[in-house]
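Trainee: Sharing a sequence plus its predicted fold:
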Amino acid sequence: MSVCIIDYGMSNLGSIKRALEECGAEAFVSGDPHDLTRCERIILPGVGSFADGMKNLIERGWVEPLKQEVLKNKIPLLGICLGMQLLARRGYEGGETQGLDLIPGEVRLLQPTSKNERIPHIGWNEIYRIKDNPLFNHIPDHDDFYFVHSYHFVPDDKENIITQTPYCGEFVSSIHLNNILGVQFHPEKSIPLGFQLLKNFLGY
């Protein structure tokens, strides 16, 4: 299974590549959008602000080739952390910014609901299923994954939600639309269940 990890200057990609290799994939990091035509799966990672992420994707020529492969050729795509957020129509971190618009929705700042909740949300927290999805095969409900974020994805259609997480009320921690998937947590840091999720994505 050939997996392209998109390098647009917004993430430490080595840990994701190693995790995918541990899961049996032939993973490669690429800064060249043309490489999307020679892979069977795509990973869009990311750490940083929504505005900077979209700026880099546009300036480095990723947007149209990515949409070509994902929307027309139906290559499965997994967005991780900021990568999940960039799937949205619009985000507000760093100023109102148009996103990839692959899953309709907006990315908004988390709002604490108690004095014990801090922003950014950092550390281990549980996920609970809203619906079944093959991405979470063999992963127990209410188990923990590792998060680092201040913003969250608010989808237009709740049917796109796979899991939610109880923090700042609750937020969407994974999402899907057809062959497009996103997780707010870091599977590469969430051993062993994160590796199971990556294996599930390889078989999606």
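Mentor: Thanks, I have the structure now.

Trainee: CA only for contacts and neighbour counts going forward, please
Mentor: Will do.

Trainee: Contact partners for Gly123?
Mentor: Shown here is Gly123, whose contacts under the criterion Cα atoms under 8 Å, 6 or more residues apart in numbering are 146-148.

Trainee: is it true that Thr163 touches Leu135?
Mentor: No. With the criterion set as Cα atoms under 8 Å, Thr163 and Leu135 do not qualify as a contacting pair; they are 10.7 Å apart.

Trainee: roughly how far apart are Ile122 and Ser174?
Mentor: With the distance defined as Cα to Cα, to the nearest Å, Ile122 ends up 17 Å from Ser174.

Trainee: how about Lys67, phi and psi?
Mentor: In this entry, Lys67 is assigned phi and psi values of phi -70, psi -40 (degrees, to the nearest 10).

Trainee: make that Gln68, sorry
Mentor: Per degrees, to the nearest 10, the residue geometry at Gln68, taken as phi and psi, is phi -60, psi -50.

Trainee: so how many other residues sit close to it?
Mentor: 14 (other Cα atoms under 10 Å).

Trainee: Distance check, it against His142.
Mentor: Relative to His142, Gln68 is positioned 36 Å away (Cα to Cα).

Trainee: Kindly report the same for Leu102.
Mentor: When distances are taken as Cα to Cα, Leu102 and His142 turn out to be 27 Å apart.

Trainee: now Arg18
Mentor: As judged by Cα to Cα, Arg18 and His142 stand 26 Å apart.

Trainee: And Met10, by the same measure?
Mentor: Noted for Met10: a distance of 30 Å to His142, by Cα to Cα.
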